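[1] quick one: sequence plus predicted model below, questions after.
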Amino acid sequence: MLLEVKNLRIAFKVEGRLSVPVRNVSFKIDKGERVAIVGESGCGKSLTALSLGGLVDRAQISGTINGKPKISYIFQNPMQSLNPVMRVGAQIAESLGRNDKKEIEKLLLDVALPPETAKKYPCNLSGGQQQRVMIAMALAAESDLIIADEPTTALDVITQKEVLDLVNRVAKERGAAVLLITHNLGLVARYSDTVNVMYAGEIVESGRVETVLKNPRHPYTQGLAAAVPRLDAPKGVALYDIKGTVPAPTDWPTGCAFSPRCPKAEKSCFEPSFSCCPHVKN
Ligand SMILES: Nc1ncnc2c1ncn2[C@@H]1O[C@H](COP(=O)(O)OP(=O)(O)OP(=O)(O)O)[C@@H](O)[C@H]1O
Ligand code: SF4
Ligand SMILES: [Mg+2]
């Protein structure tokens, strides 16, 4: 076991009100395992991921995190993480802990970037190239866990695939685990072994990817699965859309948080005494 999260809760005071964007979250990551957290915008995925590296400020955090892996992050917008006024080589040297030109050039080649990239500034690179620099920095830091938070949403489909293939290849070569944060179950199917489906700050379903995708039990997972575009779908059939939106974490609904949007909701789902979705109960 590389990392185990138990009953994680992250709360904030927002304009005098209590906001609890992450509630009772538990999952684990084994050494070298590829784990995903999937869910719509605002479900608490990034906060959960950031808390693993102690990167959440001004929050009341409770629960336990067992294990202290070395973590590298690859974010959706690499310009938020790269220093705009520092050359790429110098930034990789910082992760490496030494300014070794040969090692830096080897790391750049590992992520399919020419050695001259070391002399460039981040703004001289495309989005995909910036993501490769982030991956080279993760490699340099010799992390045990690479957290890729929506790393490809800003990229075109071909670059998306290249970047995610690269994350997987380098993680495999180094024996590092990958935590992929995404809203796209299609990417989970391709790049993860285990999946945690997150809705309204909670993990509503989890398991081996092939099991969950073959037989999604929670109505939210079923909705996400039905919303994945398929090449073999009949022409003219509109893509499934889960009705409504994720509520704000100051206003999670009473009972099951998904109840206002759930096509299978029953009376008991709206009761304050609700404990677990009948569709995922063993
Ligand atoms: N520092 C903060 N203070 C108060 N609320 C916050 C803070 N950071 C995030 N939140 C709220 O917590 C909720 C979950 O945020 P989070 O960024 O984890 O969502 P997410 O699942 O990663 O969404 P997305 O897919 O859009 O990135 C959101 O409603 C967000 O507004
Ligand atoms: S508990 Fe009820 S409302 Fe919630 S997901 Fe399950 S069936 Fe739907
Ligand atoms: Mg996020």
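    Received, thanks. Numbering: from 1, shown residues only. Ligands and ions are numbered 1, 2, ... in the order given.

[2] for the residue of the stretch 101-250 of the chain found nearest ligand 1, which three-state class applies?
    Relative to ligand 1, the nearest point of the stretch 101-250 of the chain is Pro249 (4.9 Å; Cβ to the nearest ligand atom). (C-beta placed from N, C-alpha, C; glycine too.) Assigned by DSSP: H, G, I helix; E, B strand; the rest coil, the conformation of Pro249 is coil.

[3] for it, give me phi and psi.
    Phi and psi for Pro249, reported as degrees, to the nearest 10, are phi -70, psi -10.

[4] so which elements touch the lengthiest helix in the chain?
    If you go by DSSP state H, the chain has its longest helix at helix 157-174. Packing contacts for helix 157-174, counted by 3 or more Cβ pairs under 8 Å, 6 or more residues apart in numbering; DSSP states H and E, involve helix 127-140, strand 145-149, strand 177-182, helix 185-191.

[5] quick one, which of the ones you listed gets closest to Tyr121.
    In terms of Cβ to Cβ, the element of the helices and strands packed on helix 157-174 nearest to Tyr121 is helix 127-140, at 10.6 Å.

[6] which strands and helices lie in contact with that closest one?
    Helix 127-140 sits against strand 71-74, helix 88-96, helix 101-110, helix 157-174, with contacts defined as 3+ Cβ pairs under 8 Å, 6+ apart.

[7] try it again with 10 Å
    Packing partners of helix 127-140 (3 or more Cβ pairs under 10 Å, 6 or more residues apart in numbering; DSSP states H and E): strand 71-74, helix 88-96, helix 101-110, strand 145-149, helix 157-174.

[8] angle of it against helix 88-96?
    With axes from the mean of the first three to the mean of the last three Cα atoms, to 10 degrees applied, the angle from helix 127-140 to helix 88-96 works out at 30 degrees.

[9] sketch out the low-pLDDT regions of this structure for me.
    The model of the chain has pLDDT under 70 over residues 231, 233, 239, 282.

[10] which residues of it lie near ligand 2?
    Counting by Cβ under 6 Å from any ligand atom, the chain comes close to ligand 2 at His218, Pro219, Cys256, Phe258, Ser259, Cys262, Lys264, Ala265, Glu266, Cys269, Cys277, His279.

[11] ok, 8 Å please
    Applying Cβ under 8 Å from any ligand atom, we find that the chain lies next to ligand 2 at 204, 218-220, 255-259, 262-266, 268-270, 274, 276-280.

[12] now, which of those lie within helices?
    Reading helices off the residues of the chain next to ligand 2 with DSSP H, I get Pro219, Tyr220.

[13] and Cys276, how far from ligand 1?
    Going from Cys276 to ligand 1 by Cβ to the nearest ligand atom, to the nearest Å gives 22 Å.

[14] repeat that for Glu94.
    Counting by Cβ to the nearest ligand atom, the separation of Glu94 from ligand 1 is 26 Å.

[15] surely that residue meets Asn83?
    Yes. Shown here, Glu94 and Asn83 form a contact pair, counting by Cβ atoms under 10 Å, at 8.8 Å.

[16] can you list contacts of stretch 96-113?
    Applying Cβ atoms under 10 Å, 6 or more residues apart in numbering, the external contacts of stretch 96-113 come out as 88-93, 95, 114-118, 120, 125, 128-129, 131-142, 162-163, 166-167, 169-170, 173.

[17] how about the residue of the stretch 101-250 of the chain found nearest ligand 2, what does it touch?
    Closest residue of the stretch 101-250 of the chain to ligand 2, Cβ to the nearest ligand atom: Pro219 (4.4 Å). Going by Cβ under 10 Å, 6+ apart, Pro219 touches 199, 204-205, 242, 256, 258-259, 261-265, 269, 277, 279-280.

[18] and if you look at Leu47?
    Counting by Cβ under 10 Å, 6+ apart, Leu47 touches Leu8, Ile10, Phe12, Pro21, Val22, Val25, Leu55, Val56, Ala59, Ile61, Gly201, Pro249.
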